[in-house]
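Student: How does the following fold in three dimensions:
(one chain, ligands or ions: 1)
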Amino acid sequence: MIENNKDIYSELRRDMVENQLVPRGITDSRVIDAMLKIPRHKFLPEHLGDYAYSNAPLPIGMGQTISQPYIVAYMTELLNLDTGDKVLEIGTGSGYQAAILAEIGCDVYTIEIVEILAFRAKKVLQSLGYKNICLKVDDGYMGWEENAPYDAILVTAAPPEIPEPLTNQLKEGGKMVIPVGDYFQELILLKRTREGLKEKRVTPVRFVPMTGEAQKHHK
Ligand SMILES: C[S@@+](CC[C@H](N)C(=O)[O-])C[C@H]1O[C@@H](n2cnc3c(N)ncnc32)[C@H](O)[C@@H]1O
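Tutor: Residues are numbered from 1 along each chain as shown. Next up is the predicted model:
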């Protein structure tokens, strides 16, 4: 049983980085520093706190999950972020990924469709003092037009097809990472260039489905 002890959690975070992230190729020091710092256990239901740093996705209620640490690190690293970048996240969930982006120094806009999850995430993020995160309850399929264009978009729920409103809100040179598919999903990295969108299939993944409008856009 893990005691409520700061040093034990920071040791677990160090183990997570050394055993799960670095051996699998995560090298971005901004991502690693954020993962060493952020108390992932605070984003989980209390009874799951002991498992917070394990190599697995975990339930956060309402049938939703917090992604496994490696996937959070990998998706963030793929975006090659800089301080001051404006980033849109679709699928706030627990708020952990938003905290990682904020810790890197990005201005974060995050959308969650399930109100109770958004409410809980907001509470944790506020208690940790993040001021550079704007959260709203909505269907993220349409993005967040008022603050567009974005340097990066990170999607943590899988639509069957890439939502066009999201690609339209990417800056030139901006990147989007998104799981796409139904049962079989792939992580896709998109870049908006002067010539148009460049798409790279990165790896097979398993995410919860994007609900709402996305479900009407099956080809
Ligand atoms: C894998 S979980 C998110 C993990 C989250 N990024 C974290 O750090 O905990 C995916 C989330 O996407 C949300 N979601 C699903 N469809 C959505 C939509 N159309 N718009 C916004 N959020 C959506 C789900 O409710 C769920 O909370």
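
Student: Identify the spatial nearest neighbour of V202, chain neighbours not counted.
Tutor: Of all residues not flanking V202 in the chain, L187 sits nearest, at 4.4 Å (C-beta to C-beta, 6 or more residues apart in numbering). Just so you know, the C-beta spots here come from the backbone N, C-alpha and C atoms, and that holds for glycine as well.

Student: hey, where'd the strands end up in the chain?
Tutor: Assigned by DSSP state E, the chain shows strands spanning 58-61, 64-66, 86-90, 107-112, 133-137, 150-155, 170-181, 185-193, 196-205.

Student: picking up where we left off before, could you measure from the residue nearest to V202 over to E115?
Tutor: 27 Å (C-beta to C-beta, to the nearest Å).

Student: Equivalent analysis for D7, please.
Tutor: Counting by C-beta to C-beta, the gap from D7 to E115 is 36 Å.

Student: what do you get for L78?
Tutor: 29 Å.

Student: got a list of what the residue nearest to V202 touches?
Tutor: M75, V177, I178, P179, V180, R201, V202, T203, P204, V205 (C-beta atoms under 8 Å, 6 or more residues apart in numbering).

Student: Which PyMOL command selects the buried ones in those?
Tutor: In PyMOL, this line selects whichever of these come out buried by 16 or more other C-beta atoms under 10 Å:
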select buried, resi 75+177+178+179+180+205
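
Student: hmm, back to that, can you list the strands of the chain in a markdown table and add mean pLDDT and distance to Y96?
Tutor: What follows is the strands of the chain, written out as a markdown table (pLDDT from 0 to 100; distance: least, C-beta to C-beta, whole Å):
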| stretch | mean pLDDT | distance to Y96 |
| --- | --- | --- |
| strand 58-61 | 94 | 9 |
| strand 64-66 | 94 | 6 |
| strand 86-90 | 98 | 11 |
| strand 107-112 | 98 | 11 |
| strand 133-137 | 98 | 12 |
| strand 150-155 | 98 | 12 |
| strand 170-181 | 98 | 16 |
| strand 185-193 | 98 | 18 |
| strand 196-205 | 97 | 17 |
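
Student: Compare these and report which one is nearest to the ligand.
Tutor: The ligand sits nearest to strand 64-66 of all the strands of the chain, at 3.9 Å, using C-beta to the nearest ligand atom.

Student: That closest one packs against which elements?
Tutor: For strand 64-66, the packing partners by 3 or more C-beta pairs under 8 Å, 6 or more residues apart in numbering; DSSP states H and E come out as strand 58-61.

Student: Sheet partners, orientation included, of the strand it packs on?
Tutor: Counting by DSSP bridges, the strands paired with strand 58-61 are strand 64-66 (antiparallel).

Student: got the contact list for the strand it pairs with?
Tutor: Residues from elsewhere that reach strand 64-66 (C-beta under 8 Å, 6+ apart): 40, 43-44, 57-60, 93-94, 96, 114, 117, 208.

Student: from these, which would you call buried?
Tutor: Applying 16+ other C-beta under 10 Å to these flags R40, F43, L44, P57, L58, I60, G93, S94, Y96, V114, L117, V208 as buried.
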